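In: Structure for the following, please:
(one chain, ligands or ions: 1)
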Amino acid sequence: MWECGGRTFRHLARRRVAVGLGLPIIVTLVFVLRWANANKVGGQGPAEPFRIAGNFYYVGATDVSAFLIAGPEGHVVLDAGYPTTAQMIMASIAKLGFDIRDVRVLLNSEPDPDHGGGLAALQQASSAQMWASDPSADSLEAGGDDPDGVLALRALIWIGVLGYPPPRVDHRFRDGDTIRVGPIALTAHITAGHTRGCTSWSFPVQDGDRILSVVSACDTGVLATSTYPEQAADRERSFRRLRSLPADIWVTAHARWWGRYRKFVASQTAQNPADPFIDPQGYRAFIDAAEAEFRSGRTR
Ligand SMILES: [Zn+2]
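Out: Down below sits the predicted model:
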């Protein structure tokens, strides 16, 4: 459902005439069907957890990403998938030899149910402090309700069909703030567009004797079901910011965009398992494609 990368809603966007009664009904049906599907397999089949580089690990599902950044004074988890992905993430953390109770900080890229859904469960299991941008914090604490969403969508959240158990947001950061846990330091970049509080993260990872720059890029695509007036200007700013970030390794909240499985398979036989994840060209191509989508005026 919240397949931010899908093209499901493009045809809806073109049918502006259907905005009256038709659109909410169609949107409702599509979302319910996709939600039902997503809770079975769509984007959250079980995936093997693995080390990407240094202390940076993948603990997410087949498509909805979740990351562990492990440290001697506690760990950070970024994103939590759907509500039902949380158990999978915790199993992955355990399989890698870490304890969920050592997770000190929870972060989020964007508060839609495919990335914010499992945060409350992870928080409950870990007692971790949750950090979020102001607009994301509001949505997270409202169980995924985004004031920019179309009414039909919001109504489904209000009646409990969509949405998720809200995590407790302990701290709100500003653009450019750095969140630290011992030696771990992640810098927040509010790259709005997909949502107002969409947050990209940059941080260094030590892999052997090299320091690699990691970027977790937030989606910049616009869903036809969630728009706001400053969205175009926000996206322009976000593209500039994302382009300004050095990225040896890049990831996104949807694993298919950054080639999780392909890179994971390649890492199994690589001389240095981190090497297949070093992909600055892929990062540029991702931004180029997102910007081309923006220039074309398409929504999803
Ligand atoms: Zn998504």
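
In: So residue 284 belongs to a strand, correct?
Out: No - counting by DSSP: H, G, I helix; E, B strand; the rest coil, residue 284 is located in no strand; its state is helix.

In: Strands along the stretch 51-200 of the chain, start to end?
Out: Applying DSSP state E, counting those that start in this stretch to the stretch 51-200 of the chain gives strands spanning 56-58, 67-69, 75-78, 103-107, 129-133, 171-173, 178-181, 184-190, 199-207.

In: Partner strands of the second one, with direction?
Out: Spelled out, it's strand 67-69. strand 56-58 (antiparallel), strand 75-78 (antiparallel) (DSSP bridges).

In: Comparing those, which comes out most buried?
Out: When the strands paired with strand 67-69 are scored by mean count of other Cβ atoms under 10 Å, the highest mean neighbour count falls to strand 75-78 (a mean of 27). From N, CA and C alone the C-beta is placed, and that goes for glycine too.

In: mind exporting it as PDB, just the C-alpha atoms?
Out: Extracted C-alpha coordinates of strand 75-78, given in PDB (Å, rounded to 0.1, in the frame of the first residue of the first chain):
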ATOM      1  CA  HIS A  75      22.500   1.000  19.300                       C
ATOM      2  CA  VAL A  76      20.300   3.000  16.900                       C
ATOM      3  CA  VAL A  77      17.500   1.600  14.800                       C
ATOM      4  CA  LEU A  78      16.300   3.500  11.700                       C
END
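
In: Out of the strands of the stretch 51-200 of the chain, indicate the one that is most buried.
Out: Counting by mean count of other Cβ under 10 Å, the most buried of the strands of the stretch 51-200 of the chain turns out to be strand 75-78, with a mean of 27.

In: Would you map the helices across this protein?
Out: Secondary structure of the chain (DSSP state H): helices located at 10-14, 22-40, 86-95, 113-116, 119-126, 134-141, 151-158, 231-244, 255-258, 260-269, 280-295.

In: Now render the ones you listed as a markdown table, adding distance to the ion and mean neighbour count.
Out: Formatted as a markdown table, the helices of the chain follow (distance: least, Cβ to the ion, whole Å; neighbours: other Cβ atoms under 10 Å):
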| stretch | distance to the ion | mean neighbour count |
| --- | --- | --- |
| helix 10-14 | 16 | 14 |
| helix 22-40 | 10 | 16 |
| helix 86-95 | 15 | 20 |
| helix 113-116 | 4 | 29 |
| helix 119-126 | 14 | 22 |
| helix 134-141 | 13 | 22 |
| helix 151-158 | 14 | 17 |
| helix 231-244 | 16 | 17 |
| helix 255-258 | 10 | 20 |
| helix 260-269 | 14 | 15 |
| helix 280-295 | 14 | 15 |
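
In: Of those helices, which is nearest residue 210?
Out: helix 280-295 (14.1 Å; Cβ to Cβ).

In: Tell me what angle that closest one forms with helix 260-269.
Out: 180 degrees (axes from the mean of the first three to the mean of the last three Cα atoms, to 10 degrees).

In: list the helices and strands helix 280-295 packs on?
Out: strand 210-217, helix 231-244, strand 249-252, helix 255-258 (3 or more Cβ pairs under 8 Å, 6 or more residues apart in numbering; DSSP states H and E).

In: possible to save the strands of the stretch 51-200 of the chain as JSON lines with mean pLDDT and distance to residue 295?
Out: As requested, these are exported to JSON lines (pLDDT from 0 to 100; distance: least, Cβ to Cβ, whole Å):
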{"stretch": "strand 56-58", "mean pLDDT": "98", "distance to residue 295": "32"}
{"stretch": "strand 67-69", "mean pLDDT": "98", "distance to residue 295": "30"}
{"stretch": "strand 75-78", "mean pLDDT": "98", "distance to residue 295": "29"}
{"stretch": "strand 103-107", "mean pLDDT": "98", "distance to residue 295": "30"}
{"stretch": "strand 129-133", "mean pLDDT": "98", "distance to residue 295": "26"}
{"stretch": "strand 171-173", "mean pLDDT": "98", "distance to residue 295": "30"}
{"stretch": "strand 178-181", "mean pLDDT": "98", "distance to residue 295": "32"}
{"stretch": "strand 184-190", "mean pLDDT": "98", "distance to residue 295": "22"}
{"stretch": "strand 199-207", "mean pLDDT": "98", "distance to residue 295": "20"}
